[in-house]
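Visitor: Provided below for reference: sequence and predicted model.
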Amino acid sequence: MIDFILNGKKCTSQLPPQSRLLDVLREEFGLTAPKEGCGEGECGACAVLVDGMLWNSCITPLANVQGKSVLTLEGFRDTEKYKLLEKCFGEAGAVQCGFCTPGMIMAAEALLRKNPHPQEADIREAISGNLCRCTGYNMIIKAIRMAAEKGAGLW
Amino acid sequence: MVKTYMPCSVLEALRLKQEAQSEAIFVAGGTDIMPSGRTAPVLIYLQGLTELQEVSKFDGVLRIGAGCTYTQLIGDERIPKILREAMHEIAAPAIRNVGTIAGNICNASPAGDTLPLLYAMDAVIVMGSLDEQGQLRTRKLGIEAFIQGVRKITLEPSEMVLAVEIPCNSYEQMTKLQRYKAGARKAQAIAKLSFAGICRVEDDVLQDVRLAFGAVGATVIRSRKLEAKLKGLTLTELAARRTSIVQEYGELLRPIDDQRSTADYRRQVCLNLLEDFLSL
């Protein structure tokens, strides 16, 4: 059985180690922020943070998170950082259908943790593995830039 | 019923592999195997093996552990800049955070993004297995011999890849290092074709040259025979022969039409890149 830390709490999965992390999160733990888009690591809708790094949970075998710390959007929803990202995504019009949004937020969080003052090129690279079929990306880039500017000291 | 193991050491991993032989496959980042749906009766997960995640530089050889991720290597200044740039163009951050260099090699795709440079740099694959006493035994093979064809590699059922070694003189003393990947877009693209060229010009003479082409054949294409013809030419001689050299390479490339590109495009762009590289 695989033990890991999920959104700050110790947990043990009853599913086999070769299971997709995405299925463990959604089916076993009821965390539905990570979504299945492509199922092959191309679209980023399933993105989560593992030990602070962005991973695609749809192509992560459960075995690979043994002993590690997994964060989904649910796990940092109550933080100031999330609230700011949410506000900026709303203000910039960065959300339409919303399917890509949790992955985009995780990608933004991964970026800002490493680089609190990103240039536009850094933002584009950070979300380069996340597809959005509605917004055309510009609003998402604007939202992340706004969050970085307004969030001085948060990250 | 699939059996899964998460060994704590290379020796333990090799004991498992020796027991299960071809029933078992190794999984590192999982970025190729998970989407493929491929599985096996025995899965051995390697991500916990820190022994495989080390980089060292000693005696003129850069040794990169099989389990080093692209993100780790991109941030390591001991890795040649041009190789870091190639890794930076692989997929996107979430893939680079888990995908490994040995995974790219063992997947043996003709379009593997690190491969043309590794061919041009004379990379050597270090493989490990257990001897009769259960001790680690290693052997080495140049990457050109290691990769035999599309998804075909030279690895015994009881062996695993431990590291990749690059001779430092294959990049440190070179005067021109160039690479290019043609993809449908910047991120998440599988190469339509790729090129790596490395050379050393001294006193207006081409002393050393290595040219490798990706995704225009079953494996990366590099011709020692044509390179030998180029070595020793003065820059004036090279300029005079450039057109015929490019033609000879044109006969060597074996591109195909597929969903990503056409044979004509692949050949032409490769030759354009070659011509540009040889404009010294």
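Guide: Sure, I can see it.
Visitor: The most centrally placed residue in chain A: what's it in contact with?
Guide: For chain A, residue A:106 is the residue whose C-alpha lies nearest the centre (Cα atoms, centre = their mean; 2.3 Å). Counting by Cβ atoms under 8 Å, 6 or more residues apart in numbering or on different chains, residue A:106 touches A:47-49, A:54, A:71-73. (C-beta placed from N, C-alpha, C; glycine too.)
Visitor: One more pass at 10 Å, please.
Guide: By Cβ atoms under 10 Å, 6 or more residues apart in numbering or on different chains, the contact list for residue A:106 reads A:33-34, A:44-49, A:54-55, A:57, A:71-73, A:76, A:85, A:130, B:94.
Visitor: which residues in the chain form helices?
Guide: Just so you know, I chose chain A. Secondary structure of chain A (DSSP state H): helices at A:21-23, A:80-92, A:101-114, A:120-126, A:138-150.
Visitor: sorry, should have said chain B
Guide: Going by DSSP H, chain B shows helices at B:10-20, B:33-36, B:70-74, B:81-88, B:93-96, B:101-107, B:115-120, B:143-146, B:224-230, B:235-252, B:263-277.
Visitor: how about TSV for these, with mean pLDDT, distance to chain A and mean neighbour count added?
Guide: Listed next are the helices of chain B as TSV, based on pLDDT from 0 to 100; distance: least, Cβ to the nearest Cβ, whole Å; neighbours: other Cβ atoms under 10 Å in any protein chain shown:
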stretch	mean pLDDT	distance to chain A	mean neighbour count
helix B:10-20	98	13	18
helix B:33-36	95	4	18
helix B:70-74	98	7	21
helix B:81-88	98	9	18
helix B:93-96	98	5	26
helix B:101-107	97	12	23
helix B:115-120	98	20	28
helix B:143-146	98	25	19
helix B:224-230	97	35	13
helix B:235-252	97	33	14
helix B:263-277	98	23	18
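Visitor: Distance to residue B:200 added to those helices, as JSON lines?
Guide: JSON lines is the format used below for the helices of chain B (distance: least, Cβ to Cβ, whole Å):
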{"stretch": "helix B:10-20", "distance to residue B:200": "36"}
{"stretch": "helix B:33-36", "distance to residue B:200": "39"}
{"stretch": "helix B:70-74", "distance to residue B:200": "24"}
{"stretch": "helix B:81-88", "distance to residue B:200": "14"}
{"stretch": "helix B:93-96", "distance to residue B:200": "30"}
{"stretch": "helix B:101-107", "distance to residue B:200": "25"}
{"stretch": "helix B:115-120", "distance to residue B:200": "12"}
{"stretch": "helix B:143-146", "distance to residue B:200": "20"}
{"stretch": "helix B:224-230", "distance to residue B:200": "12"}
{"stretch": "helix B:235-252", "distance to residue B:200": "12"}
{"stretch": "helix B:263-277", "distance to residue B:200": "13"}
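Visitor: from the stretch 101-250 of chain B, which residue is nearest to chain A?
Guide: Chain A sits closest to residue B:187 of the stretch 101-250 of chain B, with a gap of 3.5 Å, by Cβ to the nearest Cβ.
Visitor: Backbone dihedrals for that residue, please?
Guide: When read as degrees, to the nearest 10, the backbone of residue B:187 gives phi -100, psi 160.
Visitor: Tell me who's in contact with the closest residue to it other than its chain neighbours.
Guide: Spatial nearest neighbour of residue B:187, excluding adjacent residues (Cβ to Cβ, 6 or more residues apart in numbering or on different chains): residue A:128 at 3.5 Å. Contacts for residue A:128 (Cβ under 10 Å, 6+ apart) come out as A:44, A:107, A:137, B:91-94, B:185-188.
Visitor: Any idea what residue 61 is bridged to?
Guide: Defaulting to chain A. residue A:20 (DSSP bridges).
Visitor: switch to chain B, that's the one I care about
Guide: Bridge pairing for residue B:61 (DSSP bridges) gives the partners residue B:58, residue B:167.
Visitor: what residues are up against it?
Guide: Per Cβ under 10 Å, 6+ apart, neighbours of residue B:61: B:124, B:165-169.
Visitor: Was I right to think residue A:138 contacts residue A:144?
Guide: No - contact criterion Cβ atoms under 10 Å: residue A:138 and residue A:144 do not qualify, at 11.1 Å.
Visitor: Tell me which of these two has more neighbours.
Guide: Between residue A:138 and residue A:144, counting by other Cβ atoms under 10 Å in any protein chain shown, residue A:144 is the more crowded of the two (29 against 11).
Visitor: Show the contacting residues for the closest residue to chain A within the stretch 51-200 of chain B.
Guide: Closest residue of the stretch 51-200 of chain B to chain A, Cβ to the nearest Cβ: residue B:92 (2.6 Å). Applying Cβ under 10 Å, 6+ apart, we find residue B:92 in contact with A:41-44, A:47, A:54, A:56, A:107, A:125-130, B:186-189.
Visitor: mind redoing it with 7 Å?
Guide: Contacts here follow Cβ atoms under 7 Å, 6 or more residues apart in numbering or on different chains; on that basis residue B:92 touches A:128-129, B:187-188.
Visitor: what's the closest non-adjacent residue to residue B:8?
Guide: Going by Cβ to Cβ, 6+ apart, residue B:8 has residue B:48 as its nearest residue, at 6.6 Å.
Visitor: for the closest residue in space to residue B:31 that isn't next to it in sequence, phi and psi?
Guide: Of all residues not flanking residue B:31 in the chain, residue B:99 sits nearest, at 4.5 Å (Cβ to Cβ, 6+ apart). Dihedral pair for residue B:99: phi -70, psi 140, per degrees, to the nearest 10.
Visitor: Test my guess that residue B:99 contacts residue B:27.
Guide: No - when contacts are counted by Cβ atoms under 7 Å, residue B:99 is not listed as touching residue B:27 (12.0 Å).
Visitor: number of nearby residues for the residue nearest to residue B:31?
Guide: Neighbour count of residue B:99, defined by other Cβ under 10 Å: 24.
Visitor: between the helices of chain A, which gets nearest to residue B:6?
Guide: Residue B:6 sits nearest to helix A:21-23 of all the helices of chain A, at 14.7 Å, using Cβ to Cβ.
Visitor: near chain B, anything from the closest one?
Guide: No - no part of helix A:21-23 sits near chain B under the criterion Cβ under 7 Å from any Cβ of the partner chain; the closest distance found is 9.7 Å.
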